[in-house]
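1. need coordinates for the following:
(one chain, ligands or ions: 1)
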Amino acid sequence: MYRIAYFGPEGTFTEQAARSLAGSDTHAELVPYETIAQAMAAVRDGGTSAACVPVENSVEGPVTATLDELAEDEPLVATAEALLPIHFTVLAGRGVRREDIGTVASHPHALAQVRHWLDVNLPSARHVATSSTAAAALAVQQGEYDAAVAAPVAAERYGLPGIATEVADVEDARTRFLLLTRPGTLPEPTGCDRTSVVAAAANRTGALSELLTELAFRGINLTRLDARPIKGGFGEYRFFIDFEGHVAEPRIGDALAALRRRCAVRFLGSHPRADGVRASIQPSAGNEDFVSAADWVESVRRGDTA
Ligand SMILES: O=C(O)C(=O)C[C@]1(C(=O)O)C=C[C@@H](O)C=C1
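-> This next block holds a predicted model:
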């Protein structure tokens, strides 16, 4: 049985992402965990084969709990990703009238995406952060709070009436989710891949710029750059860098080796992009260019050419 841990409880956006990543695999069993750290610990200690967690949202940015967990402890790698459109519904407790709503609960990322709507439509409601959107729906079901901002599926799952749908401040919001496993066989390159690393650039002038220049010189397009503090050293940061391409490609392998020469790097995976965008290749920076240049150096070393 293939078990996938996910950031739960049932009814989170992450559960939907895990279902789409499990796809037609009817043998996959989805197992909810209350926190991102617990879902990732489950795959680290072998309790599950994979973990599905959110990593970035188009409105609120990085999911910092996921980034910090990826940088610490036993390494995990992303082998797949899902991109979900995010639609929020406001669920009310049974018998709670809209005008009586005094508390509205949700995950901090979700509250941030509906802040304006709440200010206009439920101006006197206090916002309460919960571990996830579904945890907020569960708490409303149990009478702890008056309302929750959650995924539409949570209405059904927790038997709560929706009092407003499509309440997001920004239309077309999306969240990207990763399927994480212990390091092992990598997915095959497809031409539409993403590679992720976390690099501990030295705290000196130009260190980050040098890392980014290694990628730029090789014509590699970045898709994300986030800094997270290295706990315990004020002002010390590690950098999460996502870029187009797959480590199996000569141009990406060359770039990773260059990053590794400069600082400690943790590889976080190469996998197909959910949006199917092809890697852009700059003139003279294609894989064949790297291979033929390396072949030329070899022939010079053998004395075959000059
Ligand atoms: O709480 C959930 O339902 C989640 O899956 C987490 C999460 C997030 O971390 O951003 C996922 C998507 C939404 O943007 C809001 C919350």
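
2. any low-confidence regions in this protein?
-> Nowhere does the chain drop to pLDDT under 70.

3. okay, domains of it per the record?
-> Listed domain ranges for the chain are 1-85+173-185, 89-165, 186-305 (source: the TED database).

4. and those domains as TSV, adding mean neighbour count and distance to the ligand?
-> All C-beta atoms are positioned from the backbone trio N, CA, C, and that covers glycine. Below are the domains of the chain laid out as TSV (neighbours: other C-beta atoms under 10 Å; distance: least, C-beta to the nearest ligand atom, whole Å):
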stretch	mean neighbour count	distance to the ligand
domain 1-85+173-185	19	3
domain 89-165	19	3
domain 186-305	16	14
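
5. so who does Val55 touch?
-> 62-63, 66-67, 81, 176-178 (C-beta atoms under 8 Å, 6 or more residues apart in numbering).

6. again with Ser280
-> Contacts here follow C-beta under 8 Å, 6+ apart; on that basis Ser280 touches 219, 221, 244.

7. apply 10 Å and report the result again.
-> 219-221, 244-245 (C-beta atoms under 10 Å, 6 or more residues apart in numbering).

8. and which of the residues you listed is nearest Arg302?
-> Lowest distance from Arg302 to these (C-beta to C-beta) belongs to Gly219, with 28.4 Å.

9. now do the contacts for that closest one.
-> Contacts of Gly219 (C-beta under 10 Å, 6+ apart): 244-245, 251, 255, 279-286, 289.

10. in TSV, list these along with secondary structure.
-> Below are the contacts of Gly219 laid out as TSV (DSSP: H, G, I helix; E, B strand; the rest coil):
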residue	secondary structure
Glu244	strand
Gly245	coil
Arg251	helix
Ala255	helix
Ala279	coil
Ser280	coil
Ile281	coil
Gln282	coil
Pro283	coil
Ser284	coil
Ala285	coil
Gly286	coil
Asp289	helix
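
11. now the residues you listed as a markdown table including distance to Ser270?
-> Shown next, in a markdown table, are the contacts of Gly219 (distance: C-beta to C-beta, whole Å):
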| residue | distance to Ser270 |
| --- | --- |
| Glu244 | 10 |
| Gly245 | 8 |
| Arg251 | 12 |
| Ala255 | 12 |
| Ala279 | 11 |
| Ser280 | 16 |
| Ile281 | 16 |
| Gln282 | 19 |
| Pro283 | 23 |
| Ser284 | 23 |
| Ala285 | 17 |
| Gly286 | 17 |
| Asp289 | 20 |
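
12. quick one: the strands in the stretch 101-250 of the chain?
-> Here the stretch 101-250 of the chain has its strands, by DSSP state E, counting those that start in this stretch, at 103-106, 126-129, 147-150, 162-165, 174-181, 193-200, 222-229, 237-244.

13. for Glu298, find the nearest of these.
-> Smallest distance to Glu298 across the strands of the stretch 101-250 of the chain (C-beta to C-beta): 25.8 Å, for strand 193-200.

14. tell me the angle the closest one makes with strand 174-181.
-> 80 degrees (axes from the mean of the first three to the mean of the last three C-alpha atoms, to 10 degrees).

15. give the contact list for Glu133.
-> To be clear, residue 133 is Thr; Glu isn't right here. By C-beta under 10 Å, 6+ apart, Thr133 lies in contact with 11-14, 86, 88-89, 91, 105-107, 109-111, 148-151, 153-154.

16. ok, now with 6 Å
-> Neighbour list for Thr133: 12, 106-107, 110, 150-151 [criterion: C-beta atoms under 6 Å, 6 or more residues apart in numbering].
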